[in-house]
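Engineer: Next input, structure requested:
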Amino acid sequence: MTAAVDRRANIGVLDPDVYANGNPDTYGLPLDQYAYLRENEPVYLQRFDDPLLIDQVWVISRYDDIASIDRDSETFAANRGHVNIWTVNPIDPTIGGKPAMLTQDGADHRRHRVVISRGFTPTVVKRLEEKFRGYARAVIDVALAKGTFNFVTDVAHAMPMEALGDVLGVPPAERPRFFNWVDRFAAPFDTRLTPSFEAVLQAIGDLTAYSTDLAARKKALPTDDVISQMVQADKDETLSEDEILGNIVLLASGAAESTRTALSHGLHQLMRDPDQMAWLRAHADNIPDTALQEIVRVATPFLHFVRTVTKGIELHGQPISEGERVCILIGAGNFDPTAFTDPNRFDLSRNPNRHLSWGRGPHTCLGKHVAALEMKLLLEELLQRTKDIGPAGEISYVRDVFTRGVYELPVTLTPA
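Structural biologist: You can find the predicted model right below:
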């Protein structure tokens with residue numbers, strides 16, 4: 001047996017246990033497996049034998065291929081079902097979910113995006129900055145009072161819960177319950193978060209029922225938020241009730257998970273890299289965008305997306321038939337040496353940084369500027385008000401292969 005064949009037998013880039021047991025020295029990611037696939041099998045057939053997963057998918061691991069597929073929605077469709085490897089998804093209308101931007105292409109996708117983007121304009125984001133700064137200060141107040149705590153729950157979750165609640169229009173008193181439902185289906189394979197598949201379905205049902213009620217309230221009394229924008233859209237931009245519900249679920253789960261994950265992985269890496277921590281402290285009065293983008297690159301909050309091929313193609317000599325599915329492995333693309341100099345190095349001054357975490361095509365993340373603002377303000381407050389941040393225990397990763405969450409990150413803060 002050759003070394004290459006032996007190595008192939010150990011590929012587990014879509015195995016949740018690989019990420020649950022990830023090595024902190026490689027950001028918790030199987031970087032060696034990513035490298036093997038990019039170099040030897042850039043189109044790799046992964047089969048599954050699990051009723052909660054699709055049958056098989058072609059795994060795409062090279063940066064240029066991922067970016068090209070992400071831009072070409074005519075050939076690689078999101079609206080033919082299964083935008084990830086799950087067989088149950090609350091925003092997939094082909095398997096009983098509600099339609100959302102992420103599961104639409106063409107004119108339908110543009111209609112959704114035009115309406116929702118009104119809640120993410122630069123003017124809106126600028127207006128939110130002062131309120132977000134207040135949330136960041138309040139979160140750090142609580143953290144400093146505790147001294148030692150789980151950064152994931154007490155800081156990385158607390159900040160986006162409040163900020164995203166404002167963006168969406170979820171009343172403050174209802175936010176803990178709202179985001180608890182989101183967490184239960186965001187990582188359905190980790191029993192610490194979701195004890196059973198029945199609990200996943202229950203959370204989806206509860207969130208849908210709540211969102212129906214909230215949308216009705218916003219329609220009767222609209223305010224300045226994304227849900228109000230959706231329920232007020234009319235004429236050619238009107239969104240159906242199901243489309244509104246799907247997009248509420250999408251925005252809540254996507255935005256909450258991406259910010260929490262990026263902050264958690266980012267702080268973990270900063271504690272492991274004193275030079276980069278010192279660099280960021282030196283810029284704590286106005287953290288530059290390069291730092292935020294590098295944190296998002298190494299965090300890779302969403303590891304993969306799936307697209308359905310609409311016509312027969314050939315990629316790197318491998319024929320792929322119409323109806324087959326490809327999986328763009330974002331994690332592998334974000335560490336591709338053809339796109340990044342010394343990609344395994346954590347470099348907060350990296351520029352340019354064409355990471356794939358926000359997407360590169362029509363499905364590019366609408367809320368990326370809001371997420372970056374949340375991260376910037378929170379890290380500024382955290383660094384300005386501490387003189388030391390140290391680990392108080394080992395990091396624990398979420399068992400999943402779609403979202404790349406951190407379950408626990410114990411830290412100790414020393415006030416400035």
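
Engineer: out of everything not next to it in sequence, what's closest to residue 38?
Structural biologist: What sits nearest to residue 38 in space, not counting adjacent residues and going by Cβ to Cβ, 6 or more residues apart in numbering, is residue 61, at 4.8 Å. For every residue, glycine as well, the C-beta is placed using N, CA and C.

Engineer: dump the residue contacts of the one you found.
Structural biologist: For residue 61, the contact set (Cβ atoms under 8 Å, 6 or more residues apart in numbering) comprises 13, 34, 37, 38, 41, 42, 44, 329, 332, 333, 336.

Engineer: okay but the third one is in contact with residue 335, surely?
Structural biologist: No - with the criterion set as Cβ atoms under 8 Å, residue 37 and residue 335 do not qualify as a contacting pair; they are 11.3 Å apart.

Engineer: Need the pLDDT of residue 255.
Structural biologist: We have a pLDDT of 82 for residue 255.

Engineer: repeat for residue 25
Structural biologist: Confidence for residue 25, expressed as pLDDT, is 97.

Engineer: Next one: it from residue 269, what distance?
Structural biologist: 11 Å (Cβ to Cβ, to the nearest Å).

Engineer: Show me what counts as buried in stretch 176-196.
Structural biologist: 178-179, 181-190, 193-194 (16 or more other Cβ atoms under 10 Å).

Engineer: Mind telling me what element the residue nearest to residue 160 when sequence neighbours are not counted is part of?
Structural biologist: Spatial nearest neighbour of residue 160, excluding adjacent residues (Cβ to Cβ, 6+ apart): residue 259 at 4.1 Å. Per DSSP states H and E: residue 259 is located in helix 241-272.

Engineer: quick one: that helix to chain centroid distance?
Structural biologist: Put simply, helix 241-272 sits 5 Å off its chain's centre (Cα atoms, centre = their mean, to the nearest Å).

Engineer: Quick check: next helix or strand after it?
Structural biologist: Following helix 241-272 in sequence order, the next helix or strand is helix 274-282 (DSSP H and E).

Engineer: Give the other helices and strands that that following helix contacts.
Structural biologist: On a contact count with 3 or more Cβ pairs under 8 Å, 6 or more residues apart in numbering; DSSP states H and E, helix 274-282 meets helix 241-272, helix 368-384.

Engineer: again, only this time at 10 Å
Structural biologist: helix 241-272, helix 289-299, helix 368-384, strand 386-391 (3 or more Cβ pairs under 10 Å, 6 or more residues apart in numbering; DSSP states H and E).

Engineer: Nearest to residue 199, out of these?
Structural biologist: Among the helices and strands packed on helix 274-282, helix 241-272 comes nearest to residue 199, with 15.5 Å by Cβ to Cβ.

Engineer: List of residues touching stretch 214-222?
Structural biologist: 168-171, 174, 178, 223, 225-232, 239, 241, 244-245, 248 (Cβ atoms under 10 Å, 6 or more residues apart in numbering).

Engineer: swap the cut-off to 6 Å and go again
Structural biologist: With contact meaning Cβ atoms under 6 Å, 6 or more residues apart in numbering, stretch 214-222 is reached by 227, 228, 231, 232, 244.

Engineer: try stretch 38-57
Structural biologist: The contact list for stretch 38-57 (Cβ under 6 Å, 6+ apart) reads 14, 37, 58-59, 61-62, 82, 85, 87, 315-316, 318, 325, 327.

Engineer: which regions of the stretch 301-416 of the chain sit below the pLDDT cut-off?
Structural biologist: The model of the stretch 301-416 of the chain has no residue with pLDDT under 70.

Engineer: Would you map the helices across it?
Structural biologist: Along the stretch 301-416 of the chain, counting by DSSP state H, counting those that start in this stretch, helices occupy 330-333, 368-384.

Engineer: Tell me which of those is the most buried.
Structural biologist: The highest average neighbour count among the helices of the stretch 301-416 of the chain, using mean count of other Cβ atoms under 10 Å, belongs to helix 330-333 at a mean of 28.

Engineer: Any chance you could give me that helix in CSV, C-alpha atoms only?
Structural biologist: Only the C-alpha atoms of helix 330-333 are listed here, as CSV (Å, rounded to 0.1, in the frame of the first residue of the first chain):
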residue,chain,number,x,y,z
ILE,A,330,-14.2,26.7,3.0
GLY,A,331,-11.7,25.6,5.7
ALA,A,332,-9.4,24.1,3.1
GLY,A,333,-9.6,27.1,0.8
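
Engineer: Kindly tell me how buried the residue nearest to residue 160 is, as a neighbour count.
Structural biologist: For residue 259, the neighbour count with other Cβ atoms under 10 Å is 28.

Engineer: and residue 254, which of the helices of the stretch 301-416 of the chain is closest to it?
Structural biologist: Closest to residue 254 of those, according to Cβ to Cβ: helix 368-384, at 9.5 Å.

Engineer: Who are the packing partners of the closest one?
Structural biologist: With contacts taken as 3 or more Cβ pairs under 6 Å, 6 or more residues apart in numbering; DSSP states H and E, helix 368-384 sits against helix 122-146, helix 158-168, helix 241-272, helix 289-299.

Engineer: Go through those and name the closest to residue 208.
Structural biologist: When the helices and strands packed on helix 368-384 are compared by Cβ to Cβ, helix 241-272 sits nearest residue 208, at 5.7 Å.

Engineer: quick one: buried residues of that closest one?
Structural biologist: Of the residues in helix 241-272, 243-271 count as buried by neighbour count, 16+ other Cβ under 10 Å.

Engineer: Likewise for stretch 333-346?
Structural biologist: By 16+ other Cβ under 10 Å, the buried positions in stretch 333-346 come out as 333, 334, 335, 336, 339, 340, 343, 346.

Engineer: Nearest approach to residue 356 belongs to which of the helices and strands packed on helix 368-384?
Structural biologist: helix 289-299 (8.2 Å).

Engineer: tell me the mean pLDDT over that closest one?
Structural biologist: Average pLDDT, helix 289-299: 98.

Engineer: for residue 11, what are its contacts?
Structural biologist: The neighbours of residue 11, taking Cβ under 6 Å, 6+ apart as the test, are residue 33.

Engineer: Find me the pLDDT at it, would you?
Structural biologist: 93.

Engineer: measure residue 39 to residue 201 for me?
Structural biologist: Counting by Cβ to Cβ - residue 39 and residue 201 are separated by 41 Å.
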